[in-house]
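>>> with the sequence up front, the predicted model follows.
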Amino acid sequence: MQKNVIDDVFGTKVFNDDVMQQYLPKKTYAQLKDTIENGEELAPEVANVVAHAMKEWALSNGATHYTHWFQPMTGVTAEKHDSFLSPASDAHAVLEFSGKELIKGEPDASSFPSGGLRATFEARGYTAWDCTSPAFLREDAIGTLLCIPTAFCSYTGEALDKKTPLLRSMEAISKQAVRILKLFGNEDVSSVRCSVGPEQEYFLIDRDMFLQRDDLIFTGRTLFGSMPPKGQELDDHYFGTIRERQAAFMKELNDELWKLGILAKTQHNEVAPAQHEMAPIYSTANIAADHNQLVMEIMKKVARRHNFECLLHEKPFAGVNGSGKHDNWSLVTNTGMNLLSPGKAPYDNKQFLLFLSAVIAAVDSHSALLRLSASNPGNDHRLGANEAPPAIISIFLGEQLEDIVEQILKDGTATHSNKGERMDIGVHTIPPIKKDATDRNRTSPFAFTGNKFEFRMLASSMSISGANTVLNATVADILQSMADRLEASSDFDTTVDEVIYETLSAHRKIIFNGDGYSDEWIAEAERRGLPNVRTMVDATASLLYPQTIEMFERQHVYTKTELESRAEINYEAYSKAINIEAKTMLEMASKQYIPSIIRYVTSLANSINSIASACPAADTSVQTNLLKKCSSLLANAQEALEALKKADRTANTMEEGKVQAEFFRDTVFTAMANLRAPIDELEMLVDKEYWPVPSYGDMLFEV
């Protein structure tokens, strides 16, 4: 590898600051930067110049088409391609791209999830350029495509996407945080941005095996399957040596991500066999969200080049760790100050303590909503298991900050804080290392990790936009009430102390530094009044809580209509996901498993008859007992199959919405588990030669 290979590759496919300075006149560049950094409106004449420069740059890199790249409420990205071609008067074509085409597009809005915001006959929707997230080039079989990150809204102005509410929430928290900072004397601060770093977990399995599993193809997870003799119990895969084939995938993945300016930093084997993780360096929230969508798309694309399939489902294999996304969230001013950095004396850092207490209050006041932001059907399988945070939201502060909180609650102020020590591990050739002031807690869903919070509940396949929208909006709302009180006070220092004390007193119940996996914590959380929201269906109700609607409308992030639409979309999405899983199970059981088991049972019966015919005195009890066991389980499977058919038929006669989603959760999902149980047991009995699909052992331990 050449010494400067990263410099040669990084950002080469991005319309970044260097490219803008190269292609734009100085005045236009300054005006565009002012829009990006300060939110100033972009004049049409400036947009025309930017569009021309963007087109020239794209053409020089081989592009023929452009697209407004957006993120509808499907959870994946969407695009419509247009070429740069325009007709000329002499019957020839010219290459054009106007400011109007850059700023606005018009995809069909009626075919995307809208939760009733758009009727089928109301098709118009708009994409609007998000100039704060840089355009980029994507290369694939279709050629080189200029991708312009955009928001997506309806003809009547409602948000139809993930990005628009996120951008609104970023403006909300910046506005309220700046108010607070001005009161502390930070006159040079003009904006606050959310800094986000989403870690991404995933599985890699052989693609040929993937293509033999209809459940993986249609649902992303195995609906049947027994654990092999070895799973993850030896902990030998975690941080283990990366195998050659997987390493080749990771190398190409890094190259592709770096070209797009995505700061891919860390890669390693995760806990489960065949599971891995990639972590980036932090970016502004909307850019981090765009980048994470690209990461998931590129992972799948690169995996197939190496004859892998990348699985992003939260629980593709029962019995081993599932995959999540750890969302590292902090607040940083335009002057570079991290508002969640405690400093050398956190007990005396009133600005830090005020922002810390605001986050604590926001998480406690809207814990069900935060739980919803991490909810999808796949994550219901993962949360609460001994691999992921429990479904109960709590905050881990660590020993240092918890001690400061206790001092404040006891005495009204804090006078000292624990400091990290130097740790000698007893080997003379290894120098002493500095020990952090607090340990980490992997069982906490929302943990303070030094100068940021790590929200560890997110689902691996989800967009991070929803969670960060909720974090930004809820914290902004608390900061607004704090700013209102502080601005009205004649004694700022005293009022700050009062606000910190009262906030921590009211919301201390959300703080928990212990083992989130323990049964004792479940009982303790109930005693504290913390909600245990177990499923996506349960969590969706929080969208329509009066306090949720009031908070989002107060911060201008969602309207009541937009929230109602998202509740409807959630219920429909859950029902459709479980319905697809149920139908896939019915098809696999009917066409693959049961016929294969019948062939095996028939071979057993024929074996018994052949032995009895050849040697009547021979002992065939082993074969006979196996035949009885398999036949009994086969009958159970057929009975469960009929029960699932009936439950699924009933569900599909119901009107879409909450009641249908609850029926899928309680009745259809239970029937699915009842069908899986006998077939998984049969997998341990039936000759491998007869088994119709690759096993867990085949897929997880493929070399």
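All right, it came through fine. None of the values given here were measured: they were computed from a predicted structure.

>>> what sits against the closest residue to Ala289 other than its chain neighbours?
When the adjacent residues along the chain are set aside, Ala289 lies closest to Ser465, with 4.6 Å between them (Cβ to Cβ, 6 or more residues apart in numbering). To be clear about C-beta, it is placed using only N, CA and C from the backbone, and glycine gets the same treatment. Ser465 sits next to 71, 162-163, 165-166, 286, 289 when contact means Cβ atoms under 8 Å, 6 or more residues apart in numbering.

>>> rerun that using 10 Å as the cut-off
The contact partners of Ser465, by Cβ atoms under 10 Å, 6 or more residues apart in numbering, come to 71, 75, 161-167, 169, 196, 285-286, 288-290, 292-293, 373.

>>> now, those residues that are in helices?
With DSSP state H as the criterion, helices contain 163-167, 169, 285-286, 288-290, 292-293, 373 from among these.

>>> in CSV, list these along with pLDDT and distance to Pro390.
Below are the ones in helices among the contacts of Ser465 laid out as CSV (pLDDT from 0 to 100; distance: Cβ to Cβ, whole Å):
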residue, pLDDT, distance to Pro390
Lys163, 96, 30
Thr164, 96, 32
Pro165, 97, 27
Leu166, 97, 26
Leu167, 96, 32
Ser169, 98, 26
Ala285, 97, 26
Asn286, 96, 30
Ala288, 97, 26
Ala289, 97, 26
Asp290, 97, 30
Asn292, 97, 24
Gln293, 97, 28
Ser373, 96, 16
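
>>> among those residues, which ones are buried?
Neighbour-count burial within the ones in helices among the contacts of Ser465 applies to 163-167, 169, 285-286, 288-290, 292-293, 373; the criterion is 16 or more other Cβ atoms under 10 Å.

>>> what about stretch 538-546, start to end distance?
As for stretch 538-546, its first-to-last residue distance stands at 16 Å under the measure Cα to Cα, to the nearest Å.

>>> distance between that stretch and the chain's centre?
Its chain's C-alpha centre and that of stretch 538-546 lie 20 Å apart, by Cα atoms, centre = their mean, to the nearest Å.

>>> for it, give me every contacting residue.
Stretch 538-546 is touched from outside by 366-375, 379-380, 391, 470, 531-533, 548-549, 551-552, 558, 560, 562-571, 573-574, 658, 661-662, 665, with contacts defined as Cβ under 10 Å, 6+ apart.

>>> for ChimeraX, what selects the buried ones among these?
In ChimeraX, this line selects whichever of these come out buried by 16+ other Cβ under 10 Å:
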select :366,367,368,369,370,371,372,373,374,375,379,380,391,470,531,533,548,549,551,552,558,562,563,564,565,566,567,568,569,570,571,573,574,658,661,662,665
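
>>> now the strands for the stretch 251-400 of the chain?
Per DSSP state E, counting those that start in this stretch, the stretch 251-400 of the chain has strands spanning 264-269, 275-280, 283-284, 308-311, 324-333, 395-396. These are given in chain order.

>>> turn those strands into a markdown table, columns for distance to Lys175.
As requested, the strands of the stretch 251-400 of the chain are arranged in a markdown table below (distance: least, Cβ to Cβ, whole Å):
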| stretch | distance to Lys175 |
| --- | --- |
| strand 264-269 | 31 |
| strand 275-280 | 27 |
| strand 283-284 | 16 |
| strand 308-311 | 39 |
| strand 324-333 | 13 |
| strand 395-396 | 25 |
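
>>> any idea which of those is most buried?
Scoring these by mean neighbour count under mean count of other Cβ atoms under 10 Å gives strand 395-396 as the most buried, with a mean of 26.

>>> and the helices in the stretch 501-650 of the chain?
If DSSP state H, counting those that start in this stretch is used as the criterion, the helices of the stretch 501-650 of the chain fall at 519-528, 536-540, 546-554, 560-588, 594-614, 621-652.

>>> now the stretch 101-250 of the chain
Listed in chain order, the helices found in the stretch 101-250 of the chain under DSSP H, counting those that start in this stretch are 163-183, 207-210, 214-219, 244-259.

>>> would you turn those helices into a markdown table with distance to Val9?
Putting the helices of the stretch 101-250 of the chain into a markdown table (distance: least, Cβ to Cβ, whole Å) gives the following:
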| stretch | distance to Val9 |
| --- | --- |
| helix 163-183 | 27 |
| helix 207-210 | 26 |
| helix 214-219 | 33 |
| helix 244-259 | 5 |
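
>>> ok, which of these comes nearest Leu339?
Leu339 sits nearest to helix 163-183 of all the helices of the stretch 101-250 of the chain, at 6.9 Å, using Cβ to Cβ.

>>> what bits of the stretch 351-500 of the chain have low per-residue confidence?
Counting by pLDDT under 70, the low-confidence segments of the stretch 351-500 of the chain come to 384-388, 420-440.

>>> can you pull out the helices in it?
Taking DSSP H, counting those that start in this stretch as the criterion, the stretch 351-500 of the chain carries its helices at 367-373, 379-382, 398-411, 465-487, 492-507.

>>> check this protein for its longest strand and report it.
Taking DSSP state E as the assignment, the strand of the chain that covers the most residues is strand 192-206.

>>> neighbouring strands - and their directions - for that strand?
Strands adjacent to strand 192-206 in the sheet, as given by DSSP bridges, are strand 275-280 (antiparallel), strand 283-284 (antiparallel), strand 308-311 (antiparallel), strand 324-333 (antiparallel).

>>> how about residues contacting the third one?
When you say that, I think you mean strand 308-311. Residues outside strand 308-311 that contact it (Cβ under 10 Å, 6+ apart): 202-211, 213, 216-217, 220-222, 245-246, 248-249, 253, 274-276, 296-304, 316-317, 323, 460-461, 699, 702.
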